[in-house]
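Visitor: Okay, predicted coordinates and the sequence, questions at the end:
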Amino acid sequence: MTVLAVAQRRAGTAFQRQGALAVLAVVVLIAFGAFPNFRSLDNAATILVAAAPPMLIALGMTFVIITGGIDLSVGSLYVLGGVLAAWASPYGLLAAIAVPLAVCGAIGLLNGALIAYTGMAPFIVTLAALLGARGLMRAVSDEGSTTYIVQNDAFHTLGTGSLLGIGNQVWLVAIIVLLGMVVLSRTRFGNAVYAVGGSEDAAALMGVAVRRTRIGVYVLSGLLAGLAGTINAAKLGSGVTVLGAGMELDAIAAVVIGGTLLTGGAGTIAGTVAGVLLLGVIQNLINQVGDLNSNWQQVISGAFLALVVVAQTYLVRLRRT
Amino acid sequence: MTTLALTTPRRADWLPRYGVYIAIAALVVYNAAFTPYFLTVSNLRIQLIQVAPIIIVALGMALVIGTEGIDLSVGAVMALAAALIPLYLGYGVIAAVIVSLLAGVAVGLINGALVAKVGLQPIVATLALFVGGRGLAVVISDGQLKDIRNADLIYLGSGDLLGIPVLVWTAALAILVVAFTVRRTVFGRRLLAIGGNRPAAELAGLPVQRVLITVYVLCAVLAAIAGLLSVGRIQSSDASSIGLLIELSAITAVVVGGTPLTGGRVRVLGTVAGAVLMQLVIATMIKNNLPPSTTEMVQAAIILVAVYAARERKTR
Amino acid sequence: KSEEDPAATGAGAAPAASQVVQSAAPGAATCTIDQHGGEKIDLKTAKVGFSQSEKEANPFRIAETQSIKDEAAKLGITQLTTANANSQFNKQISDVEQMIDAGVQLLIIAPLNSDGWDSVFAKASAKKIPIVTIDRKINAAACKDYLTFIGSDFAEQGKRAADEMAEALGNKGEVAILLGAPGNNVTTLRTSGFKDQMAKIAPDIKITFEQTGNFSREEGQKVAEQLLQSKPNINGIYGENDEMALGAVTALKGAGKKPGDVKIVSIDGTKGAVQGIVDGWISAVIESNPRFGPLAFSTAGDFFGGKPVGQDIIIADRSYDESNAKADLASAY
Amino acid sequence: MTLLEVAGVSKVFPGVRALDDVSFALRPGEVHALVGENGAGKSTLIKVLTGVYRPDAGELRYQGEPVSFATPMDAQRAGISTIYQEVNLIPLMSVAQNLFLGREPRTTLGLVDRTRMDREARDILAGYGVTTDVRERLGSLPLGAQQMVALARAVMIDAKVVVMDEPTSSLEPREVETLFGVIQDLHERGIGIIYVSHRMDELYRICDTVTILRDGKLVHTGRLADLERVRLVALMLGREVSDVRREGFTVFSGDHAAADDTPVLRVSGLSSRNRLHDISFGVRPGEVVGLGGLLGAGRSETIKAIAGAYPVDSGEIEVDGTPLRHPTTVKAVAAGIAVQPEDRKAEGIIPGLSIRENIALSILPRMSTFGLVSDAKIDEIVDRFMKRLRIKASSPHQRVGDLSGGNQQKVLLARLLATGPKVLLLDEPTRGIDVGAKAEVQALIDELAAEGLGVVLVSSDAEELVEGSGRVVVLRDGAVVGVLTGDDVTTESLLATIAEAGA
Ligand SMILES: Nc1ncnc2c1ncn2[C@@H]1O[C@H](COP(=O)(O)OP(=O)(O)OP(=O)(O)O)[C@@H](O)[C@H]1O
Ligand SMILES: Nc1ncnc2c1ncn2[C@@H]1O[C@H](COP(=O)(O)OP(=O)(O)OP(=O)(O)O)[C@@H](O)[C@H]1O
Ligand SMILES: [Mg+2]
Ligand SMILES: [Mg+2]
């Protein structure tokens, strides 16, 4: 790729990141003006709580996409995680958290290993995992007909309790996101993630453990998806089986809106956070409008998605010249 | 540089090329042994009818993937086509068909423009219509499932021509056209070149944008065809459910068929085989009355095995 | 310009059959505003929130939402906000929580799932907001977590379907079930109800095939095609909703069967299905009446008016067969 | 005692025996030249030595011990570090990150110590004459500077062996001197160096020993000083010393343009963003106009702008008198402009497609009727050009990606010529290709000019530029700073112009 192209990409991502934050700010301001109900603290809290699980999933997705990969299995892992957490809750808080993480992490490991060692496309490997994990979820909940109820108060409060008026899980997610930022920007693993996405061959020749890095990000993605399901189960008080459809695409959209390149090599978690919140706020606004037909809602979401991404791209163009 | 004759086939080279067909054969053998009434014409007929729309969509998807792209909006296009049919059926089946195909063209133009002109990543560009398209379709059909009684349209989806379903004829025709386009036409070669190395193709003076837009239009039109045929098949237009999740089936078919997602290569027959394989898997599960959990896990396993067999080996 | 639709003509003109409550057993649990908490208000001026679970893209949901809106309009309730979860459970949860934040005083919820409402209940009971759940029940304490449930008894519907099927088949033969979406309570109950009853009343009827058609006509048709091909001697098909049953009808036509060759029984009572009875393809349809508006608001009205309301308001679903199909076609939804 | 040694290695790729029973030995402190035609197997041998490829046969010994490196990382840990033929760094990451990737300095918390990393990077690179901000993305640096970063990275780890695969191919004279300085220093520290290059004078300047490969086989190894230049070339090409002497090394025969001809290409006042400023020059039929200047001077941009691949803000381009408005690559090719981009792999060839498809790419419409391509027509053309350019391949159906650099370049040229262009824009046409191929390409350029094409030639090889072009336009920071004509077209005056423009 020509040097200039790279220079443009750089300007691009830099701007796109600000872009996402900027758009978010604008939307929020408009909402403040337009909808009195939007202004309430409770509403803000609701948005954050609702955004918590998607945030975790998008966080993992960011790592994966920066390596130039993609993980379609997160939606299924999210449901599976929730079901397992509820199923394991009678055996104590630890079990309720450890079991889903173990299983989802293992599936992530499988994804990573297949991708790293067989050279199969991430898209297809994780697509298979999407099916497999969902099948597993149905298997443990006899075809989804049994919904396990959370039977552990400590675990339950993790989901329903709150601190300073903000849900516990929001705090938890905030901490994890911060950790994610540190890992991505301040550790050798983080650098390796960027390197693998920037140029796999070069990274290998420069002695980066490409395979281990790849496996690492998919394990991370699996774990975070599982954790997302877990905290969600804690909130809902049961392992709901009718969740997660299309969650992977929401996550991808959020990451891309956040300015991460699907081609890999560049991207930030700050951007992803903005992306997730943006989608959350939009959803909230569509509800504020009141009785909007569900189908129109979809049309609007789609149009808005296109709008944001196109806008960013053009802003990048301007920036380039 | 001493040259070993290329004619001597490489080691383990047949596997990637014929893996899918072997898998199909294996599955057929299994069913012949364990599934009642499997080796019958009626069964062949049903499987072909059910797989035909997927094949038609997958062919378009294969072309898009050949350009290192992907199209998530095919399901939405099917829904749009389906939603428009009943609105214009009053003017006769031709009109209705034309309108729904035009819808395909429109979506294709949007996708193509977003990818080729704006320069969006295909997956994002088509995500927008994936999200909004179906919603729009349901709005158009104001949420109502509409029964279709127009004989001509029903003939397209459920009728026979020389003892073979029109649906199957159409799919066969689509296969021929696409295969021919890829192998013999200027457009086909350019498509592969763009998928292989877009900047190079640009510098070589290829009309990259035009080719890309055409590809997305083709894909969407094929999806629209699948959509209207499905309407004729289920003899009702249900925008909310028609073609749901077909994008994943199509992509699976293409990749299982040995077309790399990295572009630059399109395997038409492989794609068809991929679709047939997945159809056989599902049929086997249903006929043997297995629960969804098993079905999904088996599908996952088969996808992995097939793609593993078909993958590109790196010399090291 | 769209194709003339004979079924449509005249429809709407006919009175839409509204819900009737089963005569509640004496001593059935009731709930008053004192038991539940919260203060008496006038429904007209109340802020009401309605949370729909699935897209208004099938007859049942369309009719359900419409009836809520119509009734609200009829009663002059101006502050009705609605949200639709598009089958995403988490969205429904945040939809409802958002309504609570916005200060609604009455919640009408068509739940996507029977479990997982803890966070909502926590929020709502803090503000003493009464919740009326319609069509699907929530596994929680009535009059405490939520006010009351208004809806059909899905297991009962399954039972009645079994009765119809047994009758249609003369208590013997092979039956296939087109299951609804896996993991959905409706599916679970309509299946268990059907099987239990069948085992009880007609042990000679074997259920030899169960595959999901995800409540959709297309998938119902696909599954039915596979079924008819590999089990040519099937005698009956039980569709857990009308859409799948209608898919099965198309499949039967495709397989060259005549009306009545294979008995079909299904649940919902949509126009299409009732028309199917008239045309002779379907033997019987158990209604699942979606017109919750009147009942929901009258119950809420009584509640706010201090009257006791039932905790479990089960509506009497009609059923259609060749005897009444023609007559009641217009009143089907 | 030998430092690194291979005995009887063979490596076979599909359809190609890249290495055939090759043996090779490197002593401490030795600068060992590895030469051979394109496709001789040099890079492959290096990749075998550094654990990128696993040999099909043969033994690898390091410091007397038999070893086998599973990955390049193993080789690096053992002290063998490499600068590969194509710059192998990560453009999207910062210069410092590239320098330290995998061995970043860490704080007590185990976190990467950014400040220290940047500081050290700045100090180290200063020693290589690179003074850019180390927090910049590597990609924003000129290729030369990038090459220097790669060099610094390779030498940083206390290596016992440093391998350089055509390190100078994208260096400017000043940078080459820096490089030689480094090599000298390594040499004194007793570090063994394997040096691959197609530039004879470099080899003779710095190398002690030489190993010559041809068609994957070892043809000679010994002290370089004892080996006459012509003889070395003869061994490489497998020809007789006598005919090599007859043909000589450079084959340009000079100017074919008649002074009165109207220019076939006229560029006036070309400006583009902040990279190109008011560039004007003309090319007459049969004339070869060189674009001189340092790396980053904007030569590639100029060429791309003319080819419609780089945005033009103002200025005019005329081909054969007809103006080219708002040039796009499509229009440019149609107008008779053919461009050979600098970056062969990224913008030139289509590696996945066959030689055949690559050559026919730009002329598909001509090869077809009603949009249907005629393979007969294509075969005829392809056959002609493969012969004319002596493209070495197992068959027209071989993947271009599997060809050696030189042959890839020839395929690319074949594609340009197939379009029957009026103007050829060549950006570094002989970069990284062997003397044999180089001579062929130069001869070809000459021949084409003789046929009346206008040629624009960009080359970092001053000699080539001067001998090849009848006129040299010197650029600097995207602007014309001088034009050399007639007897002024000499290396000295070229360097002088660049220098004084710099001052
Ligand atoms: N990955 C590969 N797959 C197939 N063939 C290959 C591969 N890499 C190299 N070859 C073949 O092996 C032979 C040696 O290639 P190599 O790159 O070692 O030549 P080289 O001496 O480095 O040439 P150059 O001077 O152009 O770099 C060539 O014929 C090339 O086509
Ligand atoms: N000062 C600069 N500002 C912006 N980009 C630059 C600058 N200097 C170099 N570059 C970029 O670095 C790339 C590498 O420089 P390059 O060597 O290609 O320049 P060049 O004049 O085209 O030299 P050559 O064609 O001999 O390689 C250039 O294509 C240009 O895009
Ligand atoms: Mg080489
Ligand atoms: Mg350049």
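Guide: On my side now, so go ahead. Numbering: from 1, shown residues only, chains lettered A, B, ... in the order given. Ligands and ions are numbered 1, 2, ... in the order given.
Visitor: rest of the way, CA atoms for contacts and neighbours
Guide: Fine.
Visitor: OK, contacts around residue 278?
Guide: Unless you meant another one, I'm taking chain A. A:20, A:23-24, A:254 (C-alpha atoms under 8 Å, 6 or more residues apart in numbering or on different chains).
Visitor: wait, I meant chain D there
Guide: Residue D:278 sits next to D:268-271, D:315, D:479-480 when contact means C-alpha under 8 Å, 6+ apart.
Visitor: Output the below-cut-off pLDDT ranges for the stretch 201-316 of chain B.
Guide: Applying pLDDT under 70 to the stretch 201-316 of chain B flags the ranges B:311-316.
Visitor: Write out the residues of it neighbouring chain A.
Guide: For the stretch 201-316 of chain B, the residues in contact with chain A (C-alpha under 8 Å from any C-alpha of the partner chain) are B:252, B:255, B:261, B:291-301, B:303-304, B:307-308, B:311-313.
Visitor: Buried members of those residues into PyMOL, please.
Guide: In PyMOL syntax, the buried subset of these is picked out as below (16 or more other C-alpha atoms under 10 Å in any protein chain shown):
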select buried, chain B and resi 252+255+261+291+292+293+294+295+296+297+298+299+300+301+303+304+307+308+311+312
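Visitor: Run through who's touching the worst-scoring helix or strand of chain C on mean pLDDT.
Guide: Ranked by mean pLDDT, DSSP states H and E, the helix or strand of chain C with the weakest confidence is helix C:325-328, at a mean of 76. Residues from elsewhere that reach helix C:325-328, judged by C-alpha under 8 Å, 6+ apart: C:274-275, C:277-278, C:320.
Visitor: Now name the helix or strand holding residue D:35.
Guide: In this assignment (DSSP states H and E), residue D:35 forms part of strand D:31-36.
Visitor: who does that strand touch, helix- and strand-wise?
Guide: helix D:42-49, strand D:192-196, strand D:209-214, helix D:229-237 (3 or more C-alpha pairs under 8 Å, 6 or more residues apart in numbering or on different chains; DSSP states H and E).
Visitor: And the average pLDDT for the third one is what?
Guide: Put plainly, it is strand D:209-214. For strand D:209-214, the mean pLDDT works out to 90.
Visitor: quick one, whichever helix or strand comes after it and strand D:209-214 angle?
Guide: Toward the C-terminus, strand D:209-214 is succeeded by strand D:217-223 as the next helix or strand (DSSP H and E). Put simply, strand D:217-223 runs at 160 degrees to strand D:209-214, going by axes from the mean of the first three to the mean of the last three C-alpha atoms, to 10 degrees.
Visitor: Pairing partners for strand D:217-223, with directions?
Guide: Here strand D:217-223 has these sheet partners by DSSP bridges: strand D:209-214 (antiparallel).
Visitor: anything in the strand it pairs with near ligand 1?
Guide: No: using C-alpha under 6 Å from any ligand atom, strand D:209-214 stays clear of ligand 1, with a minimum separation of 7.8 Å.
Visitor: Dump the least confident helix or strand of chain C to PDB, restricted to CA.
Guide: Provided in PDB are the C-alpha atoms of helix C:325-328 (Å, rounded to 0.1, in the frame of the first residue of the first chain):
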ATOM      1  CA  ALA C 325     -66.300 -21.300  10.100                       C
ATOM      2  CA  LYS C 326     -68.300 -19.700   7.400                       C
ATOM      3  CA  ALA C 327     -70.500 -17.800   9.800                       C
ATOM      4  CA  ASP C 328     -67.700 -16.500  11.900                       C
END
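Visitor: Quick one: distance of that helix to the chain centre.
Guide: Taking C-alpha atoms, centre = their mean, to the nearest Å, one finds helix C:325-328 lying 20 Å from the centre of the chain it belongs to.
Visitor: Identify each buried residue in it, please.
Guide: Quick answer for helix C:325-328 (16+ other C-alpha under 10 Å): C:325, C:328.
Visitor: what's the answer for stretch B:119-130, then?
Guide: Under 16+ other C-alpha under 10 Å, the buried positions of stretch B:119-130 are B:120-130.
Visitor: can you check stretch B:155-165 too?
Guide: By neighbour count on 16+ other C-alpha under 10 Å, the buried set for stretch B:155-165 is B:155-159, B:165.
Visitor: which ones among these are found in strands?
Guide: The strands, defined by DSSP state E, take in residue B:165 from the buried residues of stretch B:155-165.
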